[in-house]
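K.L.:
here are the coordinates; sequence isn't available:
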């Protein structure tokens, strides 16, 4: 029995496989957030380390940044960048309420999913907006799906820290 | 200027992109391990959580498991499974010395890389050994590249914890 699809389907299947893991990591984050109270998220993940609130804001800001990087649309919450990417947890900057952060994350994810549902394999293989055309010629792995794979690992990395908020 | 490769190259490029991120996460782990002493690795990543040694053994055992799962060869260190996958950090089981764990990780990674260097895109799209042929027909994303994407996220997840050993 033939185990692999024909050539024309291969790229589409690979894209589905990458998207499957992106969705899986996001589902794990969502499930963890449902188990954590706002008080849990206010705590540090380990002594002296990032709080749950900062990591939630950070992951949301990074996902929001995918919208322009993938050439889809402007960010939904551009002001999150200053608090949660350009500055650290201990910056002294005022964070939005946890309930807002939870809401922002959901909205960003829904927006990304709506776009991802209509993107084609060749869209995913085109360059993202953080690499110029000339560099892309020599580094074709710096494409949109590569950006999503990178962000999936980034999400998993911080998920490994957020899990420490569970008692 | 055309930004995407022709159709026949698409699957190959996607595989390269996934392998690029697998290598990136492994390089990050390697770089972190070079910065951590054996004493650092003996500590818990957070109070009451997994030690560096257990996580190093766990990641090595899981990577070693890729060899049979991807249909490449038997595990190099099958006994690691009992200590670092089937049992937890606080099991009371005796761990191998940290210097051995460091060596095992290197050897497993080198072995995987040797195989990955000669695998073709259609190899990566075939089913892995943890899914039966019937299930694979309905779930074609349960292929070898999907397994590697999953293990890349798993590595990133624990890397986010190991980083807490840095002072």
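P.N.:
On my side now, so go ahead. Please read all numbers here as calculations on a predicted model, not as lab measurements. Residues are numbered from 1 along each chain as shown, chains lettered A, B, ... in the order given.
K.L.:
buried ones in stretch A:133-147?
P.N.:
For stretch A:133-147, a neighbour-count test (16 or more other CB atoms under 10 Å in any protein chain shown) marks A:136, A:140-147 as buried. (C-beta placed from N, C-alpha, C; glycine too.)
K.L.:
of those, closest to residue A:52?
P.N.:
residue A:147 (25.7 Å; CB to CB).
K.L.:
hmm, the top helix by length along chain A touching chain B?
P.N.:
With secondary structure taken from DSSP state H, chain A has its longest helix at helix A:7-35. Yes - legend: contact between helix A:7-35 and chain B by CB under 8 Å from any CB of the partner chain is shown at A:7-8, A:10-11, A:13-18, A:20-21, A:24-25.
K.L.:
Sketch out the low-pLDDT regions of chain A for me.
P.N.:
For chain A, the stretches with pLDDT under 70 are A:1-8.
K.L.:
Helices of that one, start to end?
P.N.:
Under DSSP H, chain A gives helices at A:7-35, A:38-42, A:52-69, A:80-84, A:98-116, A:121-124, A:133-138, A:144-162.
K.L.:
Residue B:131: which of those is closest?
P.N.:
When the helices of chain A are compared (using CB to CB), the closest one is helix A:7-35, at 12.8 Å.
K.L.:
Any buried residues in that closest one, and which?
P.N.:
By neighbour count on 16+ other CB under 10 Å, the buried set for helix A:7-35 is A:10-15, A:17-19, A:21-22, A:24-26, A:28-29, A:32-33.
K.L.:
thought residue A:159 was touching residue A:32?
P.N.:
Yes - using CB atoms under 8 Å, residue A:159 makes contact with residue A:32 at a distance of 7.0 Å.
K.L.:
rewinding a little: Serialize the helices of chain A to TSV and add fields for distance to residue B:80.
P.N.:
What follows is the helices of chain A, written out as TSV (distance: least, CB to CB, whole Å):
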stretch	distance to residue B:80
helix A:7-35	25
helix A:38-42	33
helix A:52-69	31
helix A:80-84	38
helix A:98-116	36
helix A:121-124	36
helix A:133-138	40
helix A:144-162	20
